[in-house]
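Novice: what's the 3D shape of this:
(one chain, ligands or ions: 1)
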Amino acid sequence: MSDEKRTAKLEIDGKTYELPIFSPTAGPDVVDIRKLYGTAGVFTYDPGFTSTASCDSTITFIDGDKGELLHRGYPIDQLAGKSHFLEVCYLLLYGELPSPAQLEDFESRVTNHTMLHEQMQYFFRGFRRDAHPMAIMVGVVGAMSAFYHDSTDISDEWQREVASIRMIAKMPTIAAWAFKYSIGQPFVYPRNDLDYASNFLRMCFGVPSEEYEVNPILSRAMDRIFTLHADHEQNASTSTVRLASSSGANPFACIAAGIACLWGPAHGGANQACLEMLQEIGTPDRIPEFIARAKDKDDPFRLMGFGHRVYKNFDPRAKVMKQSADEVLELLGIENNPILQVAKELEAQALADPYFSDKKLFPNVDFYSGIILEAMGFPTSMFTPIFAVSRTVGWISQWKEMIADPQMKIGRPRQLYQGATLRDYVDIEKR
Ligand code: CMC
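Specialist: Alright, predicted model coming up:
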């Protein structure tokens, strides 16, 4: 992977430092600055990590200019079209597509861990009814550390595996129960004869008093949403999970940290913010007003569901999501949904506007996912929890990769200090 012969030269105050250059299997070359401080006594400065590779990884690759997303080399559109979520989970976790026997074994391991410890109900019941489901998820997932003591030792490979399966299996139950609690309905226990997406829909929309018929079209759409959000290399929440676990914290605590980071509107919270924005726009005639606001430097408003740190072309997930939105709304007989009309018109007007094309701002995955989720009957507050359910496997795959890496060190960024220099304490009566 690395080409030790190639170096970059950095000159500081007349002295030249040679820095090794590594060539990845795909993507830009990387200048290795690990020894820079030791040899030259300087730090590099890159807030927001716009030019910094924080780790080695073999899991996911994004070519932002081409609009390409590969999991273990396989393009996301092929996975979304031909595979399904649990198979993609296997691929992300273990590196290869499973054989039929491996898939059966994996599915059986996941479906046999879907129940929550019965005591965990009290955590849900302790929240206010109007708590955001993400708040409940952060708390309950962190609390798993207190219930599953036999899978918190990160130095034990078997315990790491059990923790991984537990989180992938239980996350839909946690998200569904957060939803049920918020609407005052009884918790619905998982059913292990259903596939992952159907089980989640049943736990969200079923009630104990009657049978819930899973609509296979909705379950396929749900599975596709899970698949499209499964991993996205070193994004903010994944980097949070990696940084949290670099200290040796237990996996449940680390994934809870990832969920907290995902909640923000610049990241996973954008799907909720996007649908709320489309609802606020309401009718296509109001679109120019919102586009003008998004372009106004003095207005903090941004078009939610537009732009991406890495994609400077169409987000490949958005293409599949848009097609899925059309299919779901047509099958539900609501293809004239006014929000979808606003979304399509907003997309067309923004793409035709030089402000967005010059800055390479295209619709991202969140632009259409909310429309599908709303059509399925989810309130906006459930959009980000559903993202969290999907992304759990990505966080875990990256966490497992990191723990198994012999080069793993605690993450400890440095800073460009701009504060006061050494000064003496002044007694309060003299200030
Ligand atoms: N609407 C209007 N202007 C925008 C937008 C937008 N959605 N996004 C970026 N810009 C402008 C921004 O004002 C800046 O302009 P200038 O160069 O004149 O100062 C320029 O484009 C570059 O923006 P940036 O903030 O430096 O870019 P970033 O890479 O730091 O931010 C982003 C990426 C996703 C946070 C940002 O595009 C954004 O806030 N988008 C809306 C929120 C959103 O949809 N987030 C979901 C991301 S995809 C799901 C996920 O992976 O979590």
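Novice: which residue packs closest to the residue of the stretch 151-300 of the chain found nearest the ligand, ignoring adjacent ones?
Specialist: Closest contact between the stretch 151-300 of the chain and the ligand, by CB to the nearest ligand atom, is at residue 270 (3.4 Å). All C-beta spots, glycine's among them, are computed from the backbone N, C-alpha and C. Residue nearest to residue 270 in three dimensions, not counting chain neighbours: residue 366, with 4.3 Å by CB to CB, 6 or more residues apart in numbering.
Novice: sorry, back to before: contact partners for the residue of the stretch 151-300 of the chain closest to the ligand?
Specialist: Neighbouring residues of residue 270 by CB atoms under 8 Å, 6 or more residues apart in numbering: 304-305, 364, 366.
Novice: Within its sheet, name the partner strands of the lengthiest strand in the chain and how each one runs.
Specialist: In the chain, taking DSSP state E as the definition, the longest strand is strand 2-12. Paired strands of strand 2-12, with direction, are strand 15-22 (antiparallel) (DSSP bridges).
Novice: Endpoint to endpoint, stretch 230-242 covers what distance?
Specialist: 16 Å (CA to CA, to the nearest Å).
Novice: contacting residues for residue 396?
Specialist: 93, 164, 167-168, 251, 255.
Novice: Among the residues you listed, which lie within strands?
Specialist: Per DSSP E, the contacts of residue 396 never map to strands.
Novice: Please convert those to TSV, extending it with pLDDT and distance to the ligand.
Specialist: Formatted as TSV, the contacts of residue 396 follow (pLDDT from 0 to 100; distance: CB to the nearest ligand atom, whole Å):
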residue	pLDDT	distance to the ligand
93	98	20
164	96	22
167	97	19
168	98	20
251	96	22
255	98	16
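Novice: between these, which is nearest residue 7?
Specialist: The shortest approach to residue 7 among these belongs to residue 93, at 36.1 Å (CB to CB).
Novice: pretty sure that closest one is touching residue 394, no?
Specialist: No. Using CB atoms under 8 Å as the test, residue 93 is too far from residue 394 to be in contact (9.8 Å).
Novice: Contact residues of the stretch 301-431 of the chain facing the ligand?
Specialist: 302-309, 359, 361, 364-366 (CB under 6 Å from any ligand atom).
Novice: try it again with 8 Å
Specialist: Taking CB under 8 Å from any ligand atom as the contact definition, the stretch 301-431 of the chain meets the ligand at 301-310, 315, 355-356, 359, 361, 364-367, 387.
Novice: For residue 124, what is the enclosing helix or strand?
Specialist: helix 121-125 (DSSP states H and E).
Novice: CA atoms of that helix as CSV?
Specialist: What follows is helix 121-125, C-alpha atoms only, in CSV (Å, rounded to 0.1, in the frame of the first residue of the first chain):
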residue,chain,number,x,y,z
GLN,A,121,-38.1,-0.9,30.1
TYR,A,122,-37.7,1.2,33.2
PHE,A,123,-35.2,3.4,31.5
PHE,A,124,-37.7,4.2,28.8
ARG,A,125,-40.4,4.8,31.4
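Novice: Tell me where the stretch 101-250 of the chain has helices.
Specialist: 121-125, 133-143, 157-182, 196-205, 216-228, 236-245 (DSSP state H, counting those that start in this stretch).
Novice: and the third one, what does it pack onto?
Specialist: By that I understand helix 157-182. helix 100-111, helix 121-125, helix 133-143, helix 196-205, helix 251-262, helix 383-404 (3 or more CB pairs under 8 Å, 6 or more residues apart in numbering; DSSP states H and E).
Novice: ok, and what's touching the helix holding residue 124?
Specialist: Residues contacting helix 121-125 (CB under 8 Å, 6+ apart): 136, 139-140, 143, 177-178, 181, 187.
Novice: By proximity to the ligand, which residue of this structure wins?
Specialist: Residue of the chain nearest the ligand, by CB to the nearest ligand atom: residue 307 (2.4 Å).
Novice: ok so, going back, now the helices of the stretch 101-250 of the chain in TSV, with distance to residue 29 and mean neighbour count?
Specialist: Formatted as TSV, these follow (distance: least, CB to CB, whole Å; neighbours: other CB atoms under 10 Å):
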stretch	distance to residue 29	mean neighbour count
helix 121-125	47	14
helix 133-143	37	22
helix 157-182	32	22
helix 196-205	39	23
helix 216-228	29	22
helix 236-245	21	23
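Novice: Could you save the ones you listed as CSV and add columns showing distance to residue 324?
Specialist: Formatted as CSV, the helices of the stretch 101-250 of the chain follow (distance: least, CB to CB, whole Å):
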stretch, distance to residue 324
helix 121-125, 31
helix 133-143, 23
helix 157-182, 19
helix 196-205, 13
helix 216-228, 5
helix 236-245, 23
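Novice: ok so, going back, out of the helices and strands packed on helix 157-182, which gets the lowest mean score?
Specialist: Sorting the helices and strands packed on helix 157-182 by mean pLDDT places helix 121-125 lowest, at a mean of 93.
Novice: isn't residue 207 right next to residue 184, touching?
Specialist: No. When contacts are counted by CB under 8 Å, residue 207 is not listed as touching residue 184 (11.4 Å).
Novice: what ranges of this protein fall below the confidence cut-off?
Specialist: 1-4 (pLDDT under 70).
Novice: Residue 46: what's its closest spatial neighbour, skipping adjacent residues?
Specialist: Nearest one to residue 46, counting by CB to CB, 6+ apart, is residue 52 at 4.7 Å.
Novice: what helix or strand does the one you found sit in?
Specialist: With DSSP H and E as the test, residue 52 turns up in no helix or strand.
Novice: For it, the count of nearby residues, please.
Specialist: 13 (other CB atoms under 10 Å).
Novice: how about the closest residue to residue 59 other than its chain neighbours, what does it touch?
Specialist: Nearest residue to residue 59, sequence neighbours excluded (CB to CB, 6+ apart): residue 397, at 5.4 Å. Taking CB under 8 Å, 6+ apart, we find residue 397 in contact with 59, 92-93, 231.
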